[in-house]
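Q: got a predicted structure here, sequence first:
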Amino acid sequence: MQRSLQNLKSLDSSIQISRNKVQTLQYKRIKKNISGVLLLDKPLGYSSNQALQKVKILYQAAKAGHTGTLDPLATGLLPLCFGEATKFAHFLTDADKVYVATVKLGITTNTGDAEGEVLSTKAVNVTQAKFEQACAQFVGEISQIPPMYSALKHEGKAMYEYARAGVEIERAARVITIHSIALNSFADDVATITVKCSKGTYIRTLAEDIGNVLGCGAHLIGLRRTATANYTIAQTVTMDQFVAMSESERTLALLPPDSAVQYLPEIILDSDSAFYLQQGQAVWQSGLIPKGLLRLYTEQKVFIGLGEQQSDGKITPRRLIVERT
C-alpha cells in the first residue's frame, strides 16, 4: 500500500514537472521578434526598467532595451527599442536631451530631489533676475560631479547602494554641455526651467549647483523629459494608453528602427551594392558621399543598416539589419 502511494506521488511529481516544462516551452514560443521604437511617456513612480519590462511583456517581445535612465520621480519621453532597433539604441542614449525641471530654492536634500531627507533650510531672497544670472553661469561646457544617489557603478555596485549604506565614494568630475537654460516661471522660492543638455547631465546636480551659486541651496521637485534626439514628447503614448491598446494598435505604435538615426545622411544603394554590403563586403558608391556614418537603403527604400565611408572611398558596413522590419 505504501509503495503504491509512493508510486502515485512520484507519478504526480513527474506530471507536474512535465506541465512546468510545457508551460516554459509555451512561454518561450510566444516571444515575438518585433522590431521598432516605442516612445513611452514614462509614468511617475516607475523606474525605466520597470516601464520597459511591463511594455516588453505586453508586446511578448524577445529582445528589448531602454535608452537613458529616468528616475522614478521623473516622467516623460523614454524611447524603448525592440528587436533590430536595439542595435541603434546607443545613438539615443548618447543624444542630446531636453528636460523641464522644477527647482525649489532654500532647501537641500541628501538625494538632490524631493525623495531625500532634508539637510538644510535657508531663507530665500532671490529675484528672478538673480536666478537667471545664476542659470547663465552653467550654460556651455562645464564640469559636473555625478551624485551619490545615481545608477553609476563602482566595483560592480550602483552608487545609490553605497549612499543608502552611508558610504561616500569619490566621484570624478565629468565634462558635460548645457546648450541652453530657459526660465519658464519664477514665483517666490520655486522656478521652472527648460534645459537642453548633452548625455550624462544630472539635472538634480544642476539644481543643487544653481542653489549653491545663489547661496540658499536648492533641490529638484519635478522633472520631465520632453525630447531625445529627434523625438519629442508629443509623439509619446502613456502607459495607460498602451495597456488599453489592441495588439494591432501596439504594433502600429512602433516607429521603424531607422527613426533612431534620422539625423545621419541617407544613401541609396543599387541592388548589387546592397547585396554585397549585406554580405559584409565594402562597396563602391558613385556620387558625393558624406564622411562618417551613413543610413543605407535599397532602391526600394528598405533600411539595411549603417555604413561608413573609408579613406579609399568605399562604404563599409557597420551595423546591419538582419530581419526585415
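A: Right, received. Where do you want to start? Numbering: from 1, shown residues only.

Q: surely residue 191 meets residue 181?
A: No: look at residue 191 against residue 181 with Cβ atoms under 8 Å: they stay out of range, at 10.4 Å. (C-beta placed from N, C-alpha, C; glycine too.)

Q: looking at the two, which is more packed in?
A: Neighbours were counted for residue 191 and for residue 181 using other Cβ atoms under 10 Å; residue 191 has more, 24 against 20.

Q: next one, pLDDT for the more buried one please.
A: At residue 191, the pLDDT value in this model is 98.

Q: can you tell me the closest non-neighbouring residue to it?
A: Once flanking residues are discounted, residue 191 sits nearest to residue 103: 5.0 Å by Cβ to Cβ, 6 or more residues apart in numbering.

Q: what is the burial count for that neighbour?
A: Using other Cβ under 10 Å, residue 103 is surrounded by 25 other residues.

Q: what strand or helix carries it?
A: Assigned by DSSP states H and E, residue 103 belongs to strand 97-105.

Q: adjacent strands (with direction) for that strand?
A: Sheet partners assigned to strand 97-105 using DSSP bridges are listed as strand 190-197 (antiparallel), strand 218-228 (antiparallel).

Q: then the first one to CSV, C-alphas only?
A: Meaning strand 190-197. Only the C-alpha atoms of strand 190-197 are listed here, as CSV (Å, rounded to 0.1, in the frame of the first residue of the first chain):
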residue,chain,number,x,y,z
VAL,A,190,10.1,77.8,-7.0
ALA,A,191,11.3,78.1,-10.5
THR,A,192,10.6,76.0,-13.6
ILE,A,193,13.3,75.8,-16.3
THR,A,194,13.8,74.1,-19.7
VAL,A,195,17.2,72.6,-20.1
LYS,A,196,18.8,71.3,-23.3
CYS,A,197,21.9,69.3,-22.5
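
Q: past it, which element shows up next along the chain?
A: Proceeding C-terminally, strand 190-197 gives way to helix 203-214 as the next helix or strand, assigned by DSSP H and E.

Q: quick check, residue 277 in contact with residue 314.
A: No: Residue 277 lies out of contact with residue 314 (Cβ under 8 Å); the separation is 9.7 Å.

Q: so what are the domain limits for this structure?
A: As recorded under automatic domain parsing, the domains making up the chain are 36-94+232-258, 97-228, 264-320.

Q: ranking these by burial, who's on top?
A: Highest mean neighbour count of the domains of the chain: domain 36-94+232-258, a mean of 18 (counted as mean count of other Cβ atoms under 10 Å).

Q: ends of that one, what's the gap?
A: In domain 36-94+232-258, first residue to last residue: 8 Å (Cα to Cα, to the nearest Å).

Q: so for that domain, mean pLDDT?
A: 95.

Q: state the mean pLDDT of stretch 172-188.
A: What stretch 172-188 shows for mean pLDDT is 94.

Q: gap between residue 202 and residue 176?
A: Noted for residue 202: a distance of 8 Å to residue 176, by Cβ to Cβ, to the nearest Å.

Q: now swap in residue 224 and tell me
A: Using Cβ to Cβ, residue 224 is found at 19 Å from residue 176.

Q: next one: residue 192
A: Distance, residue 192 to residue 176, by Cβ to Cβ: 21 Å.

Q: just give me the longest strand of the chain.
A: Ranked by number of residues, the top strand in the chain under DSSP state E is strand 174-187.

Q: parallel or antiparallel, list what pairs with that strand.
A: Taking DSSP bridges as the criterion, strand 174-187 forms sheet pairs with strand 140-144 (antiparallel), strand 190-197 (antiparallel).

Q: circling back to that earlier point, find the residues that touch each one of residue 277 and residue 314.
A: Common contacts of residue 277 and residue 314, defined by Cβ atoms under 8 Å, 6 or more residues apart in numbering, comprise residue 283.

Q: just give the nearest non-adjacent residue to residue 257, would you?
A: Here the residue nearest residue 257, using Cβ to Cβ, 6+ apart, is residue 85, at 3.9 Å.

Q: next, the angle from the longest strand of the chain to helix 203-214.
A: 70 degrees (axes from the mean of the first three to the mean of the last three Cα atoms, to 10 degrees).

Q: who touches strand 174-187?
A: Defining contact as Cβ under 8 Å, 6+ apart, one finds that strand 174-187 is touched by 96, 100, 128, 131-132, 135-136, 138-146, 191-201, 206.

Q: now do the contacts for the residue nearest to residue 98 when sequence neighbours are not counted.
A: Nearest residue to residue 98 in three dimensions, chain neighbours excluded: residue 227, at 3.8 Å (Cβ to Cβ, 6+ apart). Residue 227 is in contact with 77, 96, 97, 98, 196, 233, counting by Cβ under 8 Å, 6+ apart.

Q: same check on residue 37?
A: Contact analysis of residue 37 by Cβ under 8 Å, 6+ apart lists 79, 80, 81, 82, 85, 254, 255, 256, 257, 259, 260.

Q: elements contacting the host helix or strand of the second one?
A: Here residue 80 sits within strand 74-82, counting by DSSP H and E. Packing contacts for strand 74-82, counted by 3 or more Cβ pairs under 8 Å, 6 or more residues apart in numbering; DSSP states H and E, involve strand 36-42, helix 48-59, strand 64-66, helix 89-93, strand 218-228, strand 231-232.
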